[in-house]
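> got a predicted structure plus its sequence, pasted below:
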Amino acid sequence: MAGSLNKAILIGRLGRDPEMRYTPSGQPVANFSIATDETYTGKDGQKVEKTEWHRIVVWGKQAEFCGNYLAKGRLVYIEGKIETRKWTDKDGVEKYTTEIKADRVQGLDSRPNEGGYAAAPQYQQRPQAGPQSGSANAGYDDDMGPAFPSEASGMDDAPF
C-alpha cells in the first residue's frame, strides 16, 4: 500500500451548544456532537430513518469560532480526521472514545434571529508551530473522556 488517508467530512446538526474550555496555556478547545441522518428502505419495504451521533473536538481559532457562532440545532459542515483516545477513569477502568478532530468548521444556515441564509464566517486552523505545554485540570466526563487529549495519555505536552 502506497499510503493512507484519515479524513472525515460530515454535514449535520448540533445536538447541543459547543462546550468551550481552555488549556492552562490559554489554548481554546470546543467539544460538541452533531447528528447525521440516513433514510433507507428496509427488507420489509418500510422506510427506516437512522440517526448517527459524532463527537467533535476543535482547537484554536476554530474553537473560538464554534463558541461564538454555533448553537444547538445549527447545520454545520465538519472536515477533519478520526481519532480514538484511551484513558483511565476515576475508578481505574480503561475507556475509549472516537471523535472527529476538526480542521475546518463552517455554519451552513443562518444564526438564530438573523434573516437570510448567509453562512457564518469560517476559519481554518493553522498547524501549530510546536507542542502546547501543560496538562489540563478540567474534570473528566465519563461519557466522552477527558476534555483534553493530554489528560487521556498522561502526557505533559499535547502534540497540537
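It's in.

> only C-alpha atoms for contact and neighbour calcs from this point on.
OK.

> where exactly do the helices run in the protein?
For the chain, the helices defined by DSSP state H occupy 60-69, 149-153.

> okay, buried residues for the longest one please.
Of the residues in helix 60-69, those scored as buried under the neighbour-count criterion (16 or more other Cα atoms under 10 Å) are 60-67, 69.

> pLDDT below threshold where in the chain?
1, 111-160 (pLDDT under 70).

> if we go to 80?
Along the chain, segments meeting pLDDT under 80 span 1-2, 110-160.

> need the strands for it, in chain order.
Here the chain has its strands, by DSSP state E, at 8-14, 19-22, 28-41, 47-59, 75-88, 94-107, 123-124, 132-133, 140-141, 145-146, 157-158.

> could you dump those strands into a markdown table and include mean neighbour count?
Listed next are these as a markdown table, based on neighbours: other Cα atoms under 10 Å:
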| stretch | mean neighbour count |
| --- | --- |
| strand 8-14 | 18 |
| strand 19-22 | 18 |
| strand 28-41 | 17 |
| strand 47-59 | 16 |
| strand 75-88 | 17 |
| strand 94-107 | 19 |
| strand 123-124 | 15 |
| strand 132-133 | 18 |
| strand 140-141 | 13 |
| strand 145-146 | 22 |
| strand 157-158 | 18 |
